[in-house]
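Enquirer: Sequence plus the predicted model coming up.
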Amino acid sequence: MKLASTTSAGATWPSWVLVVAAVLVSGLLIAGPALRRRYPVAWWLLLGFPATAFRVVRTWRPLMAGCGLAVSRRPALMVVSGLVGNGAPPPQPRVPRRGLIRPTFGGFAVLVRLLPGQVPKDFVKAAPAMGESWQVHTVRVTSWKPGVVRIVVSASDPLAVPRAPKQRGPGHLLRVSVGALETGAAWVVDLRRVPHWLIVGATRSGKSTLINALVAGLAPQPVALVGIDCKGGMELSLYEPRLSALATNREQAVRLLTALVDLTLDRMTVCRKARVRNIWGLPEKECPVPIVVIVDEIAELFLVASRNEKDEAQAAGTALIRIAQLGAALGVFLVVAGQRVGSDLGPGVTALRAQLGGRVCHRVADPGTAEMALGDLNPDALKAAQAIAPEQAGTAVLASGDGWERARSHLITEAEAEAVAAEYAHLTPVLSELHVEAP
């Protein structure tokens, strides 16, 4: 009787599992569209990822063979000999070994070990075929370590509607979430890691929106914001309550930049006397306030029409280069923006560009600006930036020494940025040495 009972229970239990599983699957399928709209991450982890992972596993071997990434297990002559001798089927070709498929917020990542003779470029060429076979938005292949590549997949376009950051408050010092990456992760500008940035973009490309997001993120932090806007302050004057100094023409900009150079040299003297290599090694009470210098429309600093303007432009360029060279260790950071940045503005622009390790390129009106921003870092990033369409406002290609990615900034309007600047105006440090009013 025990055996029968056990057998009966064993026969009944799987049916309950099937019923419960069927109900759960049916519920998820019915609620799928609403779940995808309101909770895209939950939808992806519950429904999207399992289906896509199954598709990857099912198509892996034929996909590798179709892309020329499979290798025969023995020489062709031996295979033919075996077929003629005993009629046995040829052995299955070797395919690159795939690691565990790990889900991300909007896709997945997988490590693949290369076969002898293969290079990462072989997989880069096969990326479009992978995207079509797996029915995903994008496939990016990067070298992980010698002999291993990392395939990062985005199931849908996370840049279509980037989610605004939920955090409100100071957060990590000099670290701001300004948008979303193509991988679905947050686009974070960390000035401690990459201290100086160049941002380029044509009118209505999203450049100003990115600066809005950056200012809104830095405003609650214990940092000084300094603005240089030689178009009469049309852009940066919105944040004036939170700015420790603002230059609205080139004459003021030269004086302000000269004062910043002097301030940087003073900090260098303090660090040398304290026998530390940067301000972060000083005691907390002695550590000076970090300064973020935002330069809007860099071309206005370098365009000249007379001998006097030429001298001013050269002085401004020299001061910016000195700040870029010395500022990272001494708490002075540069964010340089412009619609057009090219070598025709003078050798100072090219020298300054070399000091700006972080680059952000929105849609630009001329290829020379994209070349100036990305050409020296990565040719693939340059191609991606030139492919940004006019309707993709806010979308950009960002690059640094670590590589490149597509991203899109959060939509933070001028009114919102202005309100944040006014809200945190009481945190504005007073830096009397940066006084730039005309004598």
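Expert: Right, received. Where do you want to start? Residues are numbered from 1 along each chain as shown.
Enquirer: quick one: Glu371 from Phe302, how far?
Expert: 17 Å (C-beta to C-beta, to the nearest Å). (C-beta placed from N, C-alpha, C; glycine too.)
Enquirer: quick one, which of these two is more surrounded?
Expert: Phe302 (25 against 19; other C-beta atoms under 10 Å).
Enquirer: Now do the same contact list for the more buried one.
Expert: 313, 316-317, 345-346, 348-349 (C-beta atoms under 8 Å, 6 or more residues apart in numbering).
Enquirer: Which one of those sits in the busiest neighbourhood?
Expert: Ala316 (28 neighbours).
Enquirer: Tell me which stretches of the stretch 201-350 of the chain form helices.
Expert: Assigned by DSSP state H, counting those that start in this stretch, the stretch 201-350 of the chain shows helices spanning 207-218, 250-274, 299-302, 307-330, 347-355.
Enquirer: Of those helices, which is nearest Ser154?
Expert: helix 207-218 (20.8 Å; C-beta to C-beta).
Enquirer: Check which helices and strands that closest one is in contact with.
Expert: Packing partners of helix 207-218 (3 or more C-beta pairs under 8 Å, 6 or more residues apart in numbering; DSSP states H and E): strand 175-181, strand 197-200, strand 291-296, strand 332-338, strand 403-409, helix 414-423.
Enquirer: How far does it sit from its chain's centre?
Expert: Offset of helix 207-218 from its chain centre (C-alpha atoms, centre = their mean, to the nearest Å): 15 Å.
Enquirer: Run the angle between that helix and strand 332-338 for me.
Expert: 160 degrees (axes from the mean of the first three to the mean of the last three C-alpha atoms, to 10 degrees).
Enquirer: coming back round to it: can you put the helices and strands packed on helix 207-218 in TSV and add mean pLDDT and mean neighbour count?
Expert: Below are the helices and strands packed on helix 207-218 laid out as TSV (pLDDT from 0 to 100; neighbours: other C-beta atoms under 10 Å):
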stretch	mean pLDDT	mean neighbour count
strand 175-181	90	23
strand 197-200	94	26
strand 291-296	95	24
strand 332-338	95	25
strand 403-409	85	23
helix 414-423	91	17
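Enquirer: Kindly provide the distance from the nearest residue to Val336 once chain neighbours are set aside to Arg192.
Expert: Nearest in space to Val336, with sequence neighbours left out and distances taken as C-beta to C-beta, 6 or more residues apart in numbering, is Val295 at 4.6 Å. As judged by C-beta to C-beta, Val295 and Arg192 stand 20 Å apart.
Enquirer: picking up where we left off before, the residue nearest to Val336 contacts Val335, doesn't it?
Expert: Yes. In this structure Val295 lies within contact range of Val335 using C-beta atoms under 8 Å: 7.0 Å.
Enquirer: so which of the helices of the stretch 201-350 of the chain gets nearest Val153?
Expert: helix 207-218 (26.1 Å).
Enquirer: What angle do strand 403-409 and the closest one make with each other?
Expert: Orientation of helix 207-218 against strand 403-409 (the same axes, to 10 degrees) gives an angle of 90 degrees.
Enquirer: got the domain boundaries for the chain?
Expert: 32-72+94-156, 175-434 (automatic domain parsing).
Enquirer: Please work out which of these is packed deepest.
Expert: Compared across the domains of the chain, domain 175-434 shows the largest average neighbour count, a mean of 19 (mean count of other C-beta atoms under 10 Å).
Enquirer: end-to-end on that domain?
Expert: 24 Å (C-alpha to C-alpha, to the nearest Å).
Enquirer: contacting residues for the residue nearest to Thr59 when sequence neighbours are not counted?
Expert: Leaving aside its sequence neighbours, Thr59 sits nearest to Ser133 (C-beta to C-beta, 6+ apart; 5.1 Å). For Ser133, the contact set (C-beta under 8 Å, 6+ apart) comprises 55, 59, 63.
Enquirer: And Val112, by the same measure?
Expert: 96-99, 123, 148-151.
Enquirer: From the residues you listed, pick the one nearest Phe108.
Expert: Minimum distance to Phe108 across the contacts of Val112 is 8.6 Å, recorded for Ile151 (C-beta to C-beta).
Enquirer: how about that closest one, phi and psi?
Expert: According to degrees, to the nearest 10, the main-chain angles of Ile151 amount to phi -100, psi 120.
Enquirer: Contact partners for it?
Expert: With C-beta under 8 Å, 6+ apart, Ile151 has these contacts: 109-112, 123, 127, 130, 139-141.
Enquirer: Downstream of the lowest-mean-pLDDT helix or strand in the chain, the next helix or strand is which one?
Expert: Within the chain, no helix or strand scores below helix 76-86, which has a mean of 50 by mean pLDDT, DSSP states H and E. With elements assigned by DSSP states H and E, the helix or strand that comes after helix 76-86 is strand 97-98.
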